[in-house]
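Undergrad: prediction below, plus the sequence it came from.
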Amino acid sequence: MASSSDGKRSLAFQVKTSRSAHRAKHYGREGFEWDVGASVIGKHSEQLWYALIDLRESNGVFAPRVFFVPSRWVAEFVKQDFTRYVYFLPVTAKEITEERWDLVTGYLNGEISAINWANDWPEHLLCKWGGTP
């Protein structure tokens with residue numbers, strides 16, 4: 001959980017980790033993948049975000065990174081008929097999710113751009129694999 005200093009705005013985070021989340025070619029494209037479980041299906045709120053952690057190594061050095069993703073993206077991607085409940089984040093969405101601590105603080109401060117991001121479905125970045133949410 002995180003909240004603004006006055007306690008008027010808050011965020012709940014679900015944290016998911018993956019060792020080397022990067023996938024060179026999955027769903028026909030490059031991206032990142034995390035196991036999330038069936039409980040994410042259809043469950044989303046503006047105030048629920050995922051902190052998706054890639055526990056990667058780079059040149060022999062432990063170099064984790066975090067991707068912030070609105071729960072709507074996960075809830076709409078993961079389907080009941082999946083044999084394994086995973087969330088796939090296309091590399092095209094990397095820039096708007098990786099290490100975006102500014103979105104966390106912006107949301108807690110009531111910034112419209114961060115609130116809009118939490119409610120948006122940027123189809124042009126998320127749906128290029130041919131699927132639909």
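TA: That came through, no problem. Numbering: from 1, shown residues only.
Undergrad: may I have the phi/psi pair for the most centrally placed residue in the chain?
TA: Nearest to the geometric centre of the chain sits Val69, at 2.5 Å (C-alpha atoms, centre = their mean). Dihedral pair for Val69: phi -130, psi 130, per degrees, to the nearest 10.
Undergrad: that one and Asn119, how far apart?
TA: 13 Å (C-beta to C-beta, to the nearest Å). From N, CA and C alone the C-beta is placed, and that goes for glycine too.
Undergrad: again, but for Lys16
TA: Lys16 is 21 Å from Asn119, by C-beta to C-beta.
Undergrad: neighbour-wise, which of those two wins?
TA: Under the criterion of other C-beta atoms under 10 Å, the comparison of Lys16 against Asn119 puts Lys16 first, with 20 against 11.
Undergrad: and the more buried one, that's in a strand?
TA: Yes. According to DSSP: H, G, I helix; E, B strand; the rest coil, Lys16 belongs to a strand.
Undergrad: ok, now which ones touch it?
TA: Contact partners of Lys16, counting by C-beta atoms under 8 Å, 6 or more residues apart in numbering, are 34-36, 50-53, 87.
Undergrad: how about a cut-off of 7 Å?
TA: 34-36, 50, 52-53 (C-beta atoms under 7 Å, 6 or more residues apart in numbering).
Undergrad: how about those in CSV, adding distance to Gly42, pLDDT and neighbour count?
TA: As requested, the contacts of Lys16 are exported to CSV (distance: C-beta to C-beta, whole Å; pLDDT from 0 to 100; neighbours: other C-beta atoms under 10 Å):
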residue, distance to Gly42, pLDDT, neighbour count
Trp34, 18, 95, 21
Asp35, 18, 95, 11
Val36, 13, 95, 21
Tyr50, 15, 98, 24
Leu52, 19, 98, 25
Ile53, 24, 96, 17
